[in-house]
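# Dropping the sequence and predicted coords here.
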Amino acid sequence: MYIPQDIIRTKRDNNTMSSAQINHFVDGLVTGKFTDAQVGAMAMAIFQRGMVNEEKVAFTLAMMNSGTVLNWQDFIDGPIVDKHSTGGVGDKVSLMLAPIVAACGAFVPMISGRGLGHTGGTSDKLEAIPNFNIHPSLDHFKNTVKKIGTAIISQTDDLAPADKRLYSIRDVTSTVESIPLITASILSKKLATGLDSLVMDVKIGNGAMMTSLVDAKALARSIVDVANGASVATTALITDMNQVLGKTAGNAVEIVETVDYLTGKCREPRLHQVVMALAAQMLVSSKVAKDQQQGRDLAQIALDSGKAAEIFEQMISELGGSNNFLSTYEQELCTANVVKDICATSAGFITCVQTRDIGMSVVALGGGRLDHHQSVDHSVGFTDILPKGTQVNIGDVIAKVHAKSADDAQRAIKQYLTATEISAEIVEIEPVIYEIVD
Ligand code: URA
């Protein structure tokens, strides 16, 4: 028989919790037998003392089992694989990756999140597509994955409900930034979708949750070890978030960039590198490709043949959108009232970008949220963003702002210019991909 205070004391005193204690805590999260105060104390004890790998595995599995766990056996004959990113600004990679990997023969049931704070969310971006239903029934979701190879939907209340309560309490008790808690939170939700393998995109930089390489590596290591400990083959790529990924940040504007990428109209090189590296890894992990090179080749064929674009269009149609989105997206997507150029005020090289501030500027425009209940304006954001290292003259357009009003646009232009450093000397730009952790 366990009582909450004894379990909290175990962790508070830096001892290893047994699986039974961990199960009891997670059960208490769901039933309410752990009060908010006790959950907060427990989160703080874990934050301060950490967890050994066995505790993290037991904690992740208990949270995963607190709700529905999808099972694809006897329903789909093929590898089930997904990607998860720790989030950033302009990170629209999931929207490209899921159809590419599906086009290569793997199945990608992707549960995406909403944006919060400076980071955007795939669910919000998809909701910019008229009539796209990010909350289909479970049967509709599963049938779509079976039929076309992928479906991207929003987090549902019945996947890992224990995490929902724990996260809301972590949010108000300064216990979000804990590697064991982040690991269990991310993995419980991902593993509940019944994956055979997972690829993590751990972002590092001034627009990421992890701002130092040491922390990014520690999180990647923790997630890889715990997921593998839970029998899901997992690899992590550490990728750069010291500037916006691609040329856009916002919702509808990122859907435009996605369509342009999939159809070959425009593939921003850094974004393309991240997409190809993750696609290759997903194809290797799911044993569709024998090595990275074959994975890249298959992904490139999926793009060049138009099959990935076709799957993206089919997914939109299956989930409530129009039947021919690739032809009509420019008319269908909402546009902002005001579009203004952001011009360089000095000559030189773009050397430093405060990526988090640009994400917060999207929030200020109305394109993101500071708390879960806020609604977002899908039309606003930034486009035509020039990457770091670009040489510019005074007056050159370094980005465009899309805003609801002229006042909002002026404020965003000021914020964008403040967040962008232009220097006479070129500096070394961070790599796109830092390393692979497996
Ligand atoms: N994302 C999650 O889902 N959980 C965390 O704890 C942090 C980021």
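That came through, no problem.
# Now stretch 354-370: buried residues?
Neighbour-count burial for stretch 354-370, with 16 or more other Cβ atoms under 10 Å as criterion, is recorded at 354-369. Glycine gets a C-beta too; all of them are placed from N, C-alpha and C.
# my hunch is that H84 is in a strand, does that hold up?
Yes. Using DSSP: H, G, I helix; E, B strand; the rest coil, the assignment for H84 is a strand.
# Span of stretch 380-394 from start to end?
25 Å (Cα to Cα, to the nearest Å).
# picking that back up, take the buried residues of stretch 354-370 and keep only those in strands.
Taking DSSP state E, every one of the buried residues of stretch 354-370 sits outside strands.
# ok, those vs M63, which is closest?
Nearest to M63 among those: R369, at 24.5 Å, using Cβ to Cβ.
# How much space separates the residue positioned nearest the centre of the chain from the ligand?
Nearest to the geometric centre of the chain sits S85, at 3.7 Å (Cα atoms, centre = their mean). Using Cβ to the nearest ligand atom, to the nearest Å, S85 is found at 10 Å from the ligand.
# Burial check on the closest residue to that residue other than its chain neighbours, number of neighbours?
Of all residues not flanking S85 in the chain, D201 sits nearest, at 4.0 Å (Cβ to Cβ, 6 or more residues apart in numbering). Number of residues near D201 (other Cβ atoms under 10 Å) recorded here: 25.
# can you check E127 too?
Neighbours of E127 using other Cβ under 10 Å come to 21.
# got a list of what it touches?
I134, N251, V376, H378 (Cβ atoms under 8 Å, 6 or more residues apart in numbering).
# Is there a quick ChimeraX command that grabs whichever of the residues you listed are buried?
Listed next is the ChimeraX selection for buried residues among those, using 16+ other Cβ under 10 Å:
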select :134,251,376,378
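# any idea which of the contacts of E127 is closest to C334?
Closest to C334, out of all of the contacts of E127 and judged by Cβ to Cβ, is H378, at 5.5 Å.
# Model confidence for the closest one, exactly?
At H378, the predicted lDDT confidence score is 98.
# show me where the stretch 301-438 of the chain has strands.
Per DSSP state E, counting those that start in this stretch, the stretch 301-438 of the chain carries strands over the ranges 338-343, 348-353, 381-383, 391-392, 397-403, 420-423, 433-437.
# Would you tell me which one of these is buried the most?
Highest mean neighbour count among the strands of the stretch 301-438 of the chain (mean count of other Cβ atoms under 10 Å): strand 381-383, with a mean of 26.
# if we can go back for a sec, out of the strands of the stretch 301-438 of the chain, nearest to the ligand?
Minimum separation from the ligand across those (Cβ to the nearest ligand atom) falls at strand 433-437, 17.5 Å.
# Whichever residue of the stretch 101-250 of the chain sits closest to the ligand in helix, strand or coil?
Closest contact between the stretch 101-250 of the chain and the ligand, by Cβ to the nearest ligand atom, is at S185 (3.4 Å). Here S185 is helix, with the state taken from three-state DSSP.
# and the closest residue to it other than its chain neighbours, what helix or strand is that in?
Among residues not flanking S185 along the chain, D163 sits closest, at 5.1 Å (Cβ to Cβ, 6+ apart). Element membership of D163, judged by DSSP states H and E, is helix 161-171.
# now for that helix, which elements pack on it?
When contacts are defined as 3 or more Cβ pairs under 8 Å, 6 or more residues apart in numbering; DSSP states H and E, helix 161-171 sits against helix 19-31, helix 36-49, helix 53-64, helix 179-191.
# Same list (the ones you listed) but as CSV, adding mean neighbour count, mean pLDDT and distance to T263.
Below are these laid out as CSV (neighbours: other Cβ atoms under 10 Å; pLDDT from 0 to 100; distance: least, Cβ to Cβ, whole Å):
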stretch, mean neighbour count, mean pLDDT, distance to T263
helix 19-31, 19, 97, 45
helix 36-49, 19, 98, 45
helix 53-64, 23, 98, 37
helix 179-191, 24, 96, 29
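# CSV for these, including distance to I76?
Converted to CSV, the helices and strands packed on helix 161-171 look like this (distance: least, Cβ to Cβ, whole Å):
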stretch, distance to I76
helix 19-31, 29
helix 36-49, 36
helix 53-64, 20
helix 179-191, 17
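# Select, out of the ones you listed, the one closest to D240.
Across the helices and strands packed on helix 161-171, closest to D240 is helix 179-191 (Cβ to Cβ), at 19.5 Å.
# What's the mean pLDDT across the strand or helix carrying H272?
Using DSSP H and E, the element containing H272 is helix 269-285. When pLDDT is averaged over helix 269-285, the result is 98.
# Brilliant, that's me finished.
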